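Got a predicted structure plus its sequence, pasted below:
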Amino acid sequence: MKRLKNTLIAPTAWLSTVILFLAIAPFEAFGLTFTTIDVPGAIRTLAIGINRCGDIVGWFQDPKGIIHGFLLSEGSFTTIDAPGATHTVALGINARRQIVGHHVSGEKFQSFLLDDGNFTTIDVPGSSSTGAQGINNQGQIVGDYIDVSGTHGFLLDDGNFTIIDVPGALATKVRGLNARGQLVGVYIDARFTDHGFLLEDGNFTTIDDLPSAARFVDAGGINARGQIVGEQFDEGMRGLLLDKGNFTTIDVPGAAGTTALGINARGQIVGMYVTQGTGAEHGFVAE
């Protein structure tokens, strides 16, 4: 792996927030209690990251088609819009409530760190776009970027970028990491098939040993206990929990499809499900 010593990180100090109210509907299945998360007035809501305190980040689409990030904390929503951005998504949050995500400004696709109301732009040097996906309690950030050679994962630690490429893969995307330095994500092989992966102590482990013949698996988040969540695609979309080598499927009752995107140290899981018939997308938290 190549370490890039220079960084392109430019601080800003602008935050636009709107406090809303929580719209939830709890129901139980498979030993989990699911609570629907819908930003009031939104036409789509996705819950993507959760910290150990239960703070949740994600994004929603308003009736005009604009995408905004959000923070859900203690039952209230705060809208997150990066300065000058046309679209903003929030994807990861740590125990210090530092938030990462990415935004679109004109035709430029960039990532950000939001810390105590201040935005810092994150760009991998030489990239055409950078997508920050997760942040751990040490402030290490992971994600993926695109350059002339393709799509690569990255780890940003103390101002230094490390490129992460699964050997032989056509593309690598890192989705999450925990405080132990374990990273998870997805890679595309030479047959254009997606596989989840775990990176630990410099070693890659492929995650696709499922009882069903799933077309592909995406690992989306990992907590301090090493529990991994993600999704599999076969005849439909199903959420997954991988715990000590055992897979458990996560299906919101009655949903047309479910994906698990984040998990915290308490085992609370966040994600998105699609309703039957309407195809509407809703966030959820399960515990």
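Received, thanks. Residues are numbered from 1 along each chain as shown.

can you pull the buried residues of stretch 58-74?
The neighbour-count criterion (16 or more other C-beta atoms under 10 Å) identifies G58, W59, F60, Q61, I67, H68, G69, F70, L71, L72, S73 as the buried residues of stretch 58-74. Yep, even glycine has a C-beta here, placed from its N, CA and C like the rest.

what is the rounded mean pLDDT of that stretch?
Taken as a whole, stretch 58-74 carries a mean pLDDT of 97.

related to what we said a few turns ago, just the buried residues of stretch 58-74: which are in helices?
Using DSSP state H, no member of these falls in helices.

I'd like to know which of these are part of strands.
Among the buried residues of stretch 58-74, DSSP state E puts G58, W59, F60, Q61, I67, H68, G69, F70, L71, L72, S73 in strands.

so R180 touches N223, yeah?
No: in this structure R180 lies outside contact range of N223 using C-beta atoms under 8 Å: 9.8 Å.

Which one's more surrounded, the two?
For R180 versus N223, neighbours defined as other C-beta atoms under 10 Å are more numerous around N223 (24 against 13).

What's the per-residue pLDDT of the residue nearest to that one when sequence neighbours are not counted here?
Leaving out its chain neighbours, the residue that sits closest to N223 by C-beta to C-beta, 6 or more residues apart in numbering is I263, at 4.7 Å. I263 carries a pLDDT value of 97.

who's I263 bridged to?
Beta-bridge partners of I263, counted by DSSP bridges, are I269.

now do I56
Using DSSP bridges, the beta-bridge partners of I56 come out as I50, L72.

contacting residues around it?
I56 sits next to I37, A47, G49, I50, L71, L72, S73, I93, V270, G283, V285 when contact means C-beta atoms under 8 Å, 6 or more residues apart in numbering.

Tell me the spacing between it and G143.
19 Å (C-beta to C-beta, to the nearest Å).

Go through stretch 264-279 and flag the buried ones.
Buried, per 16+ other C-beta under 10 Å, within stretch 264-279: N264, A265, Q268, I269, V270, G271, M272, Y273, V274.

do the same with stretch 39-47
For stretch 39-47, burial by neighbour count (16+ other C-beta under 10 Å) applies to V39, A42, R44, T45, L46, A47.

quick check: angle from the helix or strand harbouring G92 to strand 56-61?
Under the criterion of DSSP states H and E, G92 resides in strand 87-93. With axes from the mean of the first three to the mean of the last three C-alpha atoms, to 10 degrees applied, the angle from strand 87-93 to strand 56-61 works out at 160 degrees.

how much distance is there from strand 87-93 to the middle of the chain?
The chain centre lies 8 Å from the centre of strand 87-93; the measure is C-alpha atoms, centre = their mean, to the nearest Å.

nearest spatial neighbour of L32, skipping sequence neighbours?
Once flanking residues are discounted, L32 sits nearest to A286: 4.4 Å by C-beta to C-beta, 6+ apart.

Could I get the buried residues of stretch 58-74 in CSV, plus columns for distance to D194?
What follows is the buried residues of stretch 58-74, written out as CSV (distance: C-beta to C-beta, whole Å):
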residue, distance to D194
G58, 22
W59, 22
F60, 26
Q61, 25
I67, 24
H68, 28
G69, 25
F70, 27
L71, 29
L72, 29
S73, 33
